[in-house]
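Engineer: below: sequence and its predicted model.
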Amino acid sequence: MRLVWRFDAGFPPPLSNRPIFDRAGNHIATPDLLDVESGTYGEYDGSVHLAGRQRSRDLVRANDLSNLGLEGFIVVADDIWHPQQAVRKMTDARRRASWEPEGVRKWTIEPPPWWTPTHSVELRRQLTAHQRARFLRGRAS
């Protein structure tokens, strides 16, 4: 998805797996891709996202992000074989995005003091065993 964003759509480098917080310091979501400048985020939805509890959580999360003024798009497996479908989704979302300056946004990527960052391999390697068990429990080993 990131390669399609950069090279097929021609957009500037996005952030990957960067947590988003509201202005009160609450963690709202950690999308797969984030364009901070426009306020656009992207998610790759595999088969686990299509039904049941995960689907419900995804919809709540999308609603929460929308309420903060972020515009999203979803890429699915078929889009990988037809990248122009993904480019269209990305372009449409970026066009609809709010493009609000940092001081006006209802959201931020600046973590609150209590937050333990895990968005890079280096940061994850610094975690204690207890922190790994707690913060990385949803990741595949």
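Structural biologist: Received the coordinates, thanks.

Engineer: now stretch 15-28: how far from the chain's centre is it?
Structural biologist: Put simply, stretch 15-28 sits 9 Å off its chain's centre (Cα atoms, centre = their mean, to the nearest Å).

Engineer: grab the CA positions of it and hand them over as PDB.
Structural biologist: In PDB, the C-alpha atoms belonging to stretch 15-28 read as follows (Å, rounded to 0.1, in the frame of the first residue of the first chain):
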ATOM      1  CA  LEU A  15       3.900   7.700   8.100                       C
ATOM      2  CA  SER A  16       3.400   4.000   8.800                       C
ATOM      3  CA  ASN A  17       1.700   2.600  12.000                       C
ATOM      4  CA  ARG A  18       1.800   6.000  13.800                       C
ATOM      5  CA  PRO A  19      -0.600   6.400  16.700                       C
ATOM      6  CA  ILE A  20      -3.200   9.100  16.500                       C
ATOM      7  CA  PHE A  21      -4.400  10.900  19.700                       C
ATOM      8  CA  ASP A  22      -7.200  13.400  20.300                       C
ATOM      9  CA  ARG A  23      -6.200  16.700  22.000                       C
ATOM     10  CA  ALA A  24      -7.000  15.200  25.400                       C
ATOM     11  CA  GLY A  25      -4.200  12.600  24.900                       C
ATOM     12  CA  ASN A  26      -6.500   9.600  24.300                       C
ATOM     13  CA  HIS A  27      -5.200   7.100  21.800                       C
ATOM     14  CA  ILE A  28      -7.800   6.900  19.000                       C
END
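
Engineer: could you shift the numbering so residue one becomes 51, and keep it that way?
Structural biologist: Will do, 51 is the new start, and the previous item becomes stretch 65-78.

Engineer: same question for that stretch, mean pLDDT?
Structural biologist: Here stretch 65-78 scores 96 as its mean pLDDT.

Engineer: who touches it?
Structural biologist: 52, 79-86, 91, 111, 114-115, 118, 120, 156-162, 164-165, 167, 169 (Cβ atoms under 8 Å, 6 or more residues apart in numbering). C-betas here are computed from N, CA, C, even on glycine.

Engineer: out of these, which are buried?
Structural biologist: 79, 81-86, 91, 111, 114-115, 118, 120, 157-158, 161 (16 or more other Cβ atoms under 10 Å).
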